[in-house]
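**Q** Quick one: sequence and predicted model below, then my questions.
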Amino acid sequence: MHKFLHHRDSDDTPRGSIRLQFTIVFIALTAGMIALCLLLNSLLLRPYYLAKKTDAVRNAFQSVNEAASRGEINTAAFDVELQQIGAKYDIRLLVLDGESQTIKSSSDDPERMARLLWNNILSVNENGTSVEAIEITNNYTLQIENHHDTETQDLICWGYLDNGNMFLIESAVDSIDEAAALGRRLLTMVGLPAIAAGALLVFFITGQMTKPITDLSVLSEKMKTLHFDEKYQGRAGNELDLLGDNLNDLSSALEHTISELKTANNELKRDIARKEEIDAERREFLSNVAHELKTPIALIQGYAEGLQEGVSDDAESRREYCEVIVDEAGRMNRLVRELTTLSQLESGENPACFERFDITELIRNYLRSVQLLIDRAEASLRMEDYPEIHVWADEFLTEEVLQNYVTNALQHLAGERVIEIRLEKRERVVRVSVFNTGEQIPAESVAQIWDKFYKVDKARTREYGGSGIGLSIVRAVMEAMHRDYGVVNYENGVEFWFELETTT
């Protein structure tokens, strides 16, 4: 048994392989993410930057206003706070009193900021400058001041503190457009090599990931051609291992099942051959029996005819011999007919032909036809007045079963010499039973009385089925109609029964 699977060469990789699909999907996703970043950089970077700057200026106003209200604007603590704000957000501050005297300044050019504050208070714009208002409240006005000559922008917040002092907060707005363009160039320069490197890495990694799948594909191809030697040996560390183990189990189960099927097929062939042999032996046996009986029958009938023609002078002797010969000939003829009937049933030459008929009427008609035999046997026949019961069965074969049961009962009458016919309706079936008083069937013989030519121990002076064929015919008929049959011992006699399917 091979311990490892032989993998396909790289040239055998299908055009639509998972490995290639993974690589293409990775490249597409990475390129899409880079394109999305570039788009977001173009659309959202400037608004985001201005929003952050605006929040910083508002926070600076709140700090100055609160410090002025508490009278802490000239304290060392506020100086430290103002220095931190200015360093972090590039913010410059100027606070003037009502006399335009500087109270607080963090600018290197407070005069310029004072002029800018008064220009805004007086609504005077310098040449080459335009103003874009962002927010106007009771305390301050927040605006962007565009310097067209230098192509720069400043974020300006001016107004009055709660204590009446004037203030100006200024923060330069860097050229965010230039920064965004630089970011896009950098992202493009880094992204393209990253995509190429990532694609190679993904192609290599997916090759390792799809290797177990290739193993499973090879294994399934082997199983398809009924080769079960190879087993999955990979250890992917994921659900593929479970799938591989299941395929291994399936391979073993299929191998075992196919082995069993081949064995069963071989047994079936042997059984068929044996059945054909048995059938041939049975047919030969019945043919030989019939052939052997025909010769003595012909001889007996010949002697009978000779006696009838006056071979013997004693008329009484001639009559006696003739009766014996004729009786024996009739018995042998009956035996031949029974064997022929049994052979036809067992070989399927005489299949059951189902039809709907009244079983009660069939029994009554048959009993009327054998009433003479019943009278000769001095038997007491009992049967209740049953209503019509329609069944599905072969009417001729059903009468054959009834005939064998009644004949068997007449042959083994004893005691009160009663024969009783009973009909009992059950669920979807009717049970027909023939009871006769007499000796019981020995327990060890109950299962064998249905076999051909079986006879109970002669020491018990009882032989069921007459010639040993009648009950065999019963078994063959009931099995042909797929219905139950049987025998029951009672203290005072024996009951044989069979069942038929009712129509209601």
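**A** That came through, no problem. Numbers count the residues shown, from 1 in each chain.

**Q** hmm, which helix or strand of the protein has the shakiest average pLDDT?
**A** helix 315-347 (a mean of 70; mean pLDDT, DSSP states H and E).

**Q** in the next helix or strand after that helix, what counts as buried?
**A** Toward the C-terminus, helix 315-347 is succeeded by strand 355-358 as the next helix or strand (DSSP states H and E). Buried residues in strand 355-358, counted by 16 or more other Cβ atoms under 10 Å: F357. Just so you know, the C-beta spots here come from the backbone N, C-alpha and C atoms, and that holds for glycine as well.

**Q** do stretch 480-499 as well
**A** Buried, per 16+ other Cβ under 10 Å, within stretch 480-499: A480, M481, R483, Y485, V487, G493, V494, E495, F496, W497, F498, E499.

**Q** Report how far apart the opening and closing residues of it are.
**A** Separation of the first and last residues of stretch 480-499 by Cα to Cα, to the nearest Å is 13 Å.

**Q** could you pull out the strands for this structure?
**A** Using DSSP state E, the strands of the chain run over residues 91-96, 102-105, 129-136, 140-147, 152-160, 166-173, 355-358, 380-383, 390-393, 418-426, 429-437, 485-490, 493-502.

**Q** Packing partners of the third one?
**A** Using 3 or more Cβ pairs under 8 Å, 6 or more residues apart in numbering; DSSP states H and E as the contact criterion, the neighbours of strand 129-136 among helices and strands are strand 140-147.

**Q** Note down every partner strand of the strand it packs on and its orientation.
**A** Partners of strand 140-147 in the sheet, by DSSP bridges, are strand 129-136 (antiparallel), strand 152-160 (antiparallel).

**Q** Quick one, which of the ones you listed gets closest to E355.
**A** Evaluated with Cβ to Cβ, these place strand 129-136 nearest to E355, the distance being 104.8 Å.

**Q** Could you give the average pLDDT over the closest one?
**A** Predicted confidence along strand 129-136 averages 87 (mean pLDDT).

**Q** between the buried residues of stretch 480-499, which is nearest S347?
**A** Once Cβ to Cβ is applied, the member of the buried residues of stretch 480-499 that ends up nearest S347 is A480, at 10.9 Å.

**Q** If we ignore the residues flanking it in sequence, what's nearest the closest one?
**A** A352 (4.6 Å; Cβ to Cβ, 6 or more residues apart in numbering).

**Q** need the contact list for that neighbour.
**A** A393, D394, L397, V477, A480, M481 (Cβ atoms under 8 Å, 6 or more residues apart in numbering).

**Q** any idea how far R376 is from I325?
**A** Going from I325 to R376 by Cβ to Cβ, to the nearest Å gives 21 Å.

**Q** So the two - more neighbours on which side?
**A** I325 (21 against 10; other Cβ atoms under 10 Å).

**Q** ok, the more buried one to R417 distance?
**A** 30 Å.

**Q** Next: I27.
**A** I27 is 104 Å from R417, by Cβ to Cβ.

**Q** Quick check, pLDDT for V289.
**A** 66.

**Q** begin at 28 from here
**A** Fine by me, first position is 28 from now on; the one you just mentioned is V316.

**Q** Of the strands paired with strand 167-174, which stretch is the most buried?
**A** Of all these, strand 179-187 carries the top mean neighbour count, a mean of 19, counting by mean count of other Cβ atoms under 10 Å.

**Q** so it versus strand 193-200, what angle?
**A** With axes from the mean of the first three to the mean of the last three Cα atoms, to 10 degrees applied, the angle from strand 179-187 to strand 193-200 works out at 160 degrees.

**Q** Could you give the separation of strand 179-187 from the chain centroid?
**A** 74 Å (Cα atoms, centre = their mean, to the nearest Å).

**Q** Give me the angle between that strand and strand 118-123.
**A** Going by the same axes, to 10 degrees, strand 179-187 makes 30 degrees with strand 118-123.

**Q** Ramachandran angles for the residue nearest to A507?
**A** Torsion angles at A379 (phi, psi; degrees, to the nearest 10) stand at phi -70, psi 130.

**Q** What pLDDT does the model give it?
**A** 82.

**Q** mind checking how far it is from E528?
**A** A379 is 12 Å from E528, where distance means Cβ to Cβ.

**Q** can you list residues touching both of the two?
**A** By Cβ under 8 Å, 6+ apart, the residues touching both A379 and E528 are A420.

**Q** my guess is L123 contacts A141, does it?
**A** Yes - taking contacts as Cβ atoms under 8 Å, L123 lies within contact range of A141: 6.5 Å.

**Q** can you give me the offset of stretch 53-64 from its chain's centre?
**A** 41 Å.

**Q** which residues sit against that stretch?
**A** Applying Cβ under 8 Å, 6+ apart, the contact partners of stretch 53-64 are L214, T215, G218, A221, I222, G225, A226, V229.

**Q** again, only this time at 10 Å
**A** 210-211, 214-215, 217-219, 221-223, 225-226, 228-230, 232-233 (Cβ atoms under 10 Å, 6 or more residues apart in numbering).

**Q** about what we covered before: okay, and the common contacts of L123 and A141?
**A** T129, S132, M193, L195.

**Q** Who wins on neighbours among those?
**A** Busiest of the shared contacts of L123 and A141 [other Cβ under 10 Å] is L195, holding 25 neighbours.

**Q** any idea how far it is from G155?
**A** Taking Cβ to Cβ as the criterion, L195 is separated from G155 by 20 Å.

**Q** One more: G125?
**A** According to Cβ to Cβ, G125 and G155 sit 31 Å apart.

**Q** Over to M250?
**A** Using Cβ to Cβ, we find M250 at a distance of 84 Å from G155.

**Q** quick one: which of the two has more around it?
**A** Comparing M250 with G155 by other Cβ under 10 Å, the one with more neighbours is M250, at 16 against 10.

**Q** per-residue pLDDT, the nearest residue to the more buried one once chain neighbours are set aside?
**A** Spatial nearest neighbour of M250, excluding adjacent residues (Cβ to Cβ, 6+ apart): S278 at 5.6 Å. Listed pLDDT for S278 reads 72.

**Q** is it true that S278 touches K249?
**A** Yes - using Cβ atoms under 10 Å, S278 is in contact with K249, at 8.2 Å.
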